[in-house]
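S.K.: just the structure for this:
(one chain, ligands or ions: 1)
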Amino acid sequence: MTQSPTARLMDGTALARRITEESAEAAAELRRRTGTAPCLATVLVGEDPASVTYVRMKRARCRQAGIASRHVALPASVTTAELVGTVTALSQDPSVHGILLQHPVGPHLDERAAFEAIAPEKDVDGVTTHSFAAMSFGLPGFVSCTPGGIMRLLDAYGVEPAGKRAVVVGRSAILGKPAGMLLLARDATVTYCHSRTADLAAAVREADILIAAVGRPRFLTGSDLKPGAVVVDAGYNEGNVGDVDFDSAATRASLITPVPGGVGPMTIAVLLAQTVEAAGRQLGTA
Ligand code: NAP
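M.R.: Alright, predicted model coming up:
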């Protein structure tokens with residue numbers, strides 16, 4: 001017998017729209033007070049279709065929110081030294097308030113060196129070691145956008161992490177690892193799972209809050225879940241499918257993010273919010 005869904009949806013599209021409206025108001029206020037609009041620089045290496053689309057979407061959202069964007073397109077043949085030079089110049093340019101280096105940048109480049117060339121006060125995508133350390137120590141700074149979006153979704157739906165068992169499947173520097181750190185900072189008991197985890201199913205079954213950040217379509221299913229779990233699916237795989245098998249998971253979870261329309265829109269919303277915040281600090285109004 002097929003079970004009907006019991007989970008409530010966490011609507012990332014609607015929440016992202018609200019956050020973007022707030023960013024647009026803050027950007028307009030900043031422009032009124034300083035005569036300057038917040039400006040996000042986007043750096044794209046090569047012409048990978050997914051990266052081109054992501055950057056186009058981010059710039060379009062900037063426009064809608066009254067945030068200026070400056071685009072720098074570099075050929076796939078660019079060297080690490082040239083890429084670092086470009087990012088350094090943007091870091092030093094007072095008319096740029098935030099920098100987004102779209103990744104992956106290509107296997108021949110030292111991505112970490114390029115990220116580290118982003119000035120901490122302009123790291124609105126939260127990719128530098130400075131930002132990661134600040135986040136881990138609970139110091140002011142910008143969080144990695146997707147984990148930041150996940151936390152805002154949990155807050156909006158009244159999910160209190162304190163005392164809960166949170167299981168993060170995936171440990172990438174931009175997603176899994178910072179998501180776990182943010183949950184730990186909110187007093188969750190955090191378990192990280194990855195490709196070398198011995199008994200993934202046992203760990204996942206313990207999760208009150210499950211963050212799926214694996215990059216494998218429908219990797220986790222309803223039968224893996226603790227009944228009533230809160231399921232956040234950060235995965236985005238070919239064919240618009242997440243890392244969680246939505247139909248089966250929705251019969252066991254209490255709250256679940258859809259794919260698309262869950263975590264994805266929140267990532268861009270946090271990027272815009274952090275760009276406006278960065279501009280406010282640099283223009284001396286925050
Ligand atoms: P990633 O760098 O490839 O990391 C994947 C993680 O999953 C790794 O830590 C890996 O473990 C783990 N993993 C892989 N196979 C596993 C298995 N069989 N069992 C347990 N763990 C396994 O990917 P990512 O950049 O974090 O992205 C993850 C997903 O999120 C992708 O679908 C991506 O498209 C999506 N994403 C979405 C957004 C958004 O805005 N919505 C933003 C970023 C990423 P090891 O560390 O041991 O290799």
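S.K.: so V214, which state does it fall into?
M.R.: Classification of V214 by DSSP: H, G, I helix; E, B strand; the rest coil places it in coil.
S.K.: now do the same for H108: helix, strand or coil?
M.R.: Per three-state DSSP, H108 ends up coil.
S.K.: pLDDT wise, what is it at?
M.R.: Note for H108: predicted pLDDT of 97.
S.K.: repeat for the one 3 residues further on
M.R.: Per-residue pLDDT puts E111 at 97.
S.K.: do you know how far it is from G262?
M.R.: 26 Å (Cβ to Cβ, to the nearest Å). To be clear about C-beta, it is placed using only N, CA and C from the backbone, and glycine gets the same treatment.
S.K.: so which of these two has more stuff around it?
M.R.: Legend: neighbour count by other Cβ atoms under 10 Å for E111 and G262, higher for G262 (29 against 18).
S.K.: which non-adjacent residue is nearest the more buried one?
M.R.: Once flanking residues are discounted, G262 sits nearest to G12: 4.3 Å by Cβ to Cβ, 6 or more residues apart in numbering.
S.K.: surely that neighbour touches R152?
M.R.: No: contact criterion Cβ atoms under 8 Å: G12 and R152 do not qualify, at 9.2 Å.
S.K.: need the residues touching each of these two.
M.R.: Residues touching both G12 and R152 by Cβ atoms under 8 Å, 6 or more residues apart in numbering: M266.
S.K.: and this protein, what are its domains?
M.R.: 35-119, 145-263 (automatic domain parsing).
S.K.: how about the first one against the ligand, any contact?
M.R.: Spelled out, it's domain 35-119. No: Domain 35-119 stays out of contact with the ligand when judged by Cβ under 6 Å from any ligand atom, the minimum separation being 8.4 Å.
S.K.: now the domains of the chain in TSV, with distance to A16?
M.R.: Compiled in TSV, these are given as follows (distance: least, Cβ to Cβ, whole Å):
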stretch	distance to A16
domain 35-119	9
domain 145-263	8
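S.K.: how about the ones you listed, which one is nearest A278?
M.R.: domain 35-119 (4.8 Å; Cβ to Cβ).
S.K.: quick one: distance of that closest one to the chain centre.
M.R.: 16 Å (Cα atoms, centre = their mean, to the nearest Å).
S.K.: same check, this time on stretch 206-222
M.R.: Distance, centroid of stretch 206-222 to centroid of chain: 17 Å (Cα atoms, centre = their mean).
S.K.: ditto for stretch 145-160
M.R.: The answer for stretch 145-160 is 11 Å, by Cα atoms, centre = their mean.
S.K.: again, but for stretch 268-281
M.R.: That offset, for stretch 268-281, works out to 13 Å (Cα atoms, centre = their mean).
S.K.: average pLDDT for that stretch?
M.R.: 98.
S.K.: what comes into contact with it?
M.R.: With Cβ under 8 Å, 6+ apart as the criterion, stretch 268-281 contacts 15-17, 19-20, 22-23, 26-27, 30, 36-40, 57-58, 61-62, 65, 67, 97-98, 100, 121-122, 124-126, 142-143, 145-146, 148-149, 152, 286.
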